[in-house]
Structures are given as C-alpha cells and as structure tokens.
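J.: Structure for this input, please:
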Amino acid sequence: MPSERLLSVLTCPLCPAALEHTGGALRCAGRHTFDIARHGYVSLLTGHRRAPSADSPDMVRCRASFLGAGHYDRLARTLADLATRLAPPDATVLDAGAGTGHYLAAVLDALPRALGLGLDSSVPALRAAARAHARAEAAGWDVWRPWPVRTGCADLVLNVFAPRNGPEFHRVLSPDGALLVVIPTARHLRELRASVGLLAVDPAKEDRLHRTLTAHFRHERAEPLEYAMSLTAEEVAALVAMSPAAHHVDAAELRRRVAELEAPVRVTASFVASVYRPRRGPRQGA
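T.: Have a look, this model is predicted:
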C-alpha cells in the first residue's frame, strides 16, 4: 500500500491535484482513480498502452536471475557509495526506468531513512520493483512523458541504463539535488558482440549524454568502473536476453550461439556513473 510520504510526492497524471488513498486505489479531488495492483505498485498509465520499449516478462525474469547472481554488485555498491555523498539519509530518491528495483534497493540500503519511488512502464518489472525494498514504492509510468511527481520533491534521481528525460529530471529535483546516470562504455560486453550478436555501444555515448543534459544540468564528475566477469553459458544467455539485443536475436538462434561458447566465458563489464547538478532556472510544472 502506498505510504503517506509517497502520496506527498505523487500527483494525479491527468490534473495537478494531490492523490489520496481510498480503498484499493489512489484518487484525486477530480475523482480520477488509479488502481493499486495486488502486487503493490500503483498503475498511473490507465488508458494508455505499454511503452514499446517496456521489458517483457522474459526480459525481467532474466534480469532478476542475472542480477541476483551478483554479477553487477560492484555497480550497485558504487551507486550506494555515491548516494551517501549526494543525498541526506532521509532523501526522496526517484528511479527513472527502475526495472526490477535492484539499484534503487542498494541505494535505499545506504540511506537509512530514505524513500524510493521507481517509475517504469513494464508490468513485470513493476511487480519486482514493488517488493525490492521495504522503503521502495513503484508506479507504472512512461518516463518520456511529464512525470506525475511534484516539482522539486527529489533529493536524488537515478537513471541506470534507462531513457533520459532531461527536462523532467531537472523539474523534479530540488535545487541542491543530484542526478546519477549510469551508461555502458564501448568496452562493455565486447567479447559477446561477434559471437552472440550483442549490439555495439556507441563510443560517443558519453559525449552524447553530456550534450543531452547540458541545457538543464552541469556535469560534476564521472566514476568509471570496469572489471571481468566469469559467466556460465546460462548466465550469458540471461545477460543477452535482458538487454536490448533481446529484441533483435531470435531465441532459438541465441540458444544455438550460446551453446557454441566455451564456458566459463570471460566477459568485460564496463560502466560510467556520472553525477550532474541542476542548473539554476525556472522549473515548469506543479
């Protein structure tokens, strides 16, 4: 059930009114009503179809399995450490494109009185995110659209391998807040590109990220993280299936390619975690 503190963050997506809990739903003064799913998340996308890029049930299952095995724990620890330097212990943390809530949970563990809200358009992901942490909430939303969130309410916005809506990042952050973005580098999973069919990462991705955000944010610093993983064939298959390549490689063909690999497979994990601060200026919205 959404907490009172969450209700102080969310707004009605159809009008600027506040939301309150009534029965098994959230409702505003204009009587717009949004169901609370039995899995614990609130669906604010009523009347809208799922975003085309939303994760499928199989992608979410593979992501939960791969992350649960600990292969990206070093990234989660990096984010948790950065969070303690960027936000107060009782912070409001928004995760844009939260997926299963794995990284949001790590940040909340590091901030002992923080509240987390994960936004995602994938129902299977929301089901996982809603139970990722005792202080995590989840709401169904397309992060490309204006968010149903109060202006200036967030101390920290997380964006890990997810779409980047710069104007909304800026609007929802407090003037002293921080945006924490994670992207893969061109070396990420390089060993799997030819053999399995993973999509290449644009070497200019980090530069494009800075250009995308520069109108609303100043870049404060970047922390690279790179290490080697040793994966079984099943873990390689899960890694590919949870990535954008899942939309481009037939499942049977993926199994065939993975079966040809000699396990254990040594694979490079390579990321950049970038910290941004909002530029001063007017903030649009409620």
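
J.: Give me the longest helix you can find in the chain.
T.: Among the elements of the chain assigned as helix by DSSP state H, the one spanning the most residues is helix 73-86.

J.: Give the buried residues for that helix.
T.: Neighbour-count burial for helix 73-86 flags 75-76, 78-80, 82-83, 86 (criterion: 16 or more other C-beta atoms under 10 Å). Where you see a C-beta, it was placed from the backbone N, CA and C, and this is true even at glycine.

J.: And that helix, what does it pack against?
T.: In this structure, helix 73-86 makes packing contacts with helix 102-110, strand 154-160, strand 173-184, strand 217-231, strand 265-278, judged by 3 or more C-beta pairs under 8 Å, 6 or more residues apart in numbering; DSSP states H and E.

J.: Redo these as TSV? Include mean neighbour count.
T.: Output for the helices and strands packed on helix 73-86, formatted as TSV (neighbours: other C-beta atoms under 10 Å):
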stretch	mean neighbour count
helix 102-110	24
strand 154-160	25
strand 173-184	21
strand 217-231	15
strand 265-278	19
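
J.: Turn those into TSV, including distance to residue 96 and mean pLDDT.
T.: TSV is the format used below for the helices and strands packed on helix 73-86 (distance: least, C-beta to C-beta, whole Å; pLDDT from 0 to 100):
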stretch	distance to residue 96	mean pLDDT
helix 102-110	10	98
strand 154-160	5	98
strand 173-184	9	97
strand 217-231	14	97
strand 265-278	13	96
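
J.: any idea how far the spatially closest residue to residue 192 that is not a sequence neighbour is from residue 77?
T.: Sequence neighbours aside, residue 198 is the residue nearest to residue 192 in space, at 4.7 Å (criterion: C-beta to C-beta, 6 or more residues apart in numbering). Separation of residue 198 from residue 77 (C-beta to C-beta, to the nearest Å): 25 Å.
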